[in-house]
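Novice: predicted structure and sequence below. I'll ask about it afterward.
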Amino acid sequence: MFDRGGTAKISECCRLTFKLDDNDLNDAKTPWKMRYSAMQNVTINLPRIAYEAHQDDEKLFRLLEEKIELVAQAHLQKKEFIGKLLGMGKFGPLALLTMNLDGEPYYRFNKASFLIGMVGLNELVQYHTGQQMHESKEATKFGLKVISVMKKHSEEIGKKYGLKMPLEQTPAESTAYRFAKLDMKYYPLQAPTVIRGNKGAGEIYYTNSTYLNVGAQISAIERVKAEGLFHPLVEAGALSHVWLGEHKPPAENLAAFVVKTFQNTQNSQIAFSPEFTSCLSCGKTARGLSDTCPYCHSPNVEGITRVTGFFSKTSGWNKGKLGELKERTRNIIS
Ligand SMILES: [Zn+2]
């Protein structure tokens, strides 16, 4: 993965980055003080807001604000609960986190972030405007408006309650599938019109966070550029995937792509994501996903690729992610 620099990877997931303020940079002079954390991510099901708004802008943005207030309430409950446990000091269940060896507790509770995530921006935009984000500039612009409003409300509401509530692209390994399943049940007229994947096979999902449709037939640089428009708004971690499939680009092409991305787009982080087939019979690994081993032709193989942020065996994926995998557009970096 490649990011712009000036950020620190400090959360529970390797790909998250946080913008650092002056106090944080001051902490860097005593690196052992750089103990930050994200307490929790609460994720908003964006398409559901669109279903309830019935193409009415005013209602859509009002519902969005209400959901952000709800997110803050959820965070406050957890903050209060964890605060009580920490308050029990060395006699409580979080004793280890309360040890004080440098003037403050090991767990710097006052530095914790309370993330607000999103799933299905693309489907919200599609239901509300009739177009997916990659299909027109107006659709992309509307998506940007939604995320800008989210950012504004999360800052204002966060301030009201004393919570640091930055936006995050929820990794959503299971949430993109869970939200889609729930909406097929509770919004049976609306959800099927925008939900992605294979409905007959139950392999359904929402497009993750602020991404474009993974199946959109666009070049890697177009994707990185369009998705990058959202990155400055998503302060707790934003990323674009470049799905490579079996393609193994020369190192100089990758280097040129990275330079082009950071010089010409607002994208803050890109991940090149190849796919592999690992043979359980002969033990060899080959590029690309295939049903049989290209070396010994055994059908006893495992597919390996990124589910979201990390690589894992596709046999362990939920049906939603498998549906997404089948629809991903693989790009060539030339
Ligand atoms: Zn083999």
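Specialist: Received it, and whenever you're ready, just let me know what you need. Numbers count the residues shown, from 1 in each chain.
Novice: by mean pLDDT, flag the weakest helix or strand of the protein.
Specialist: Taking mean pLDDT, DSSP states H and E as the measure, the helices and strands of the chain show their lowest mean at strand 2-3, namely a mean of 70.
Novice: just the C-alphas of whatever helix or strand comes next after that one, formatted as PDB.
Specialist: Helices and strands here follow DSSP states H and E; after strand 2-3, the next one along the chain is helix 22-27. Coordinates of each C-alpha in helix 22-27 appear next as PDB, following Å, rounded to 0.1, in the frame of the first residue of the first chain:
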ATOM      1  CA  ASP A  22      -0.300  20.000  16.700                       C
ATOM      2  CA  ASN A  23      -0.700  18.200  20.000                       C
ATOM      3  CA  ASP A  24      -0.200  14.900  18.300                       C
ATOM      4  CA  LEU A  25       2.900  16.200  16.500                       C
ATOM      5  CA  ASN A  26       4.200  17.400  19.900                       C
ATOM      6  CA  ASP A  27       3.700  13.900  21.200                       C
END
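Novice: which helices and strands sit right next to the longest helix along the chain?
Specialist: In terms of residue count, the longest helix belonging to the chain (DSSP state H) is helix 57-87. With contacts defined as 3 or more CB pairs under 8 Å, 6 or more residues apart in numbering; DSSP states H and E, the secondary structure elements packing on helix 57-87 are strand 38-45, helix 46-53, strand 113-119, helix 137-161. (C-beta placed from N, C-alpha, C; glycine too.)
Novice: just how off-centre is it within its chain?
Specialist: Helix 57-87 has its average C-alpha position 19 Å from the chain's average C-alpha position, going by CA atoms, centre = their mean, to the nearest Å.
Novice: next, the angle strand 38-45 makes with it.
Specialist: The directions of helix 57-87 and strand 38-45 differ by 160 degrees, with axes from the mean of the first three to the mean of the last three CA atoms, to 10 degrees as the criterion.
Novice: which parts of helix 57-87 are buried?
Specialist: 60-61, 63-65, 67-68, 71-72, 75, 79, 82, 86 (16 or more other CB atoms under 10 Å).
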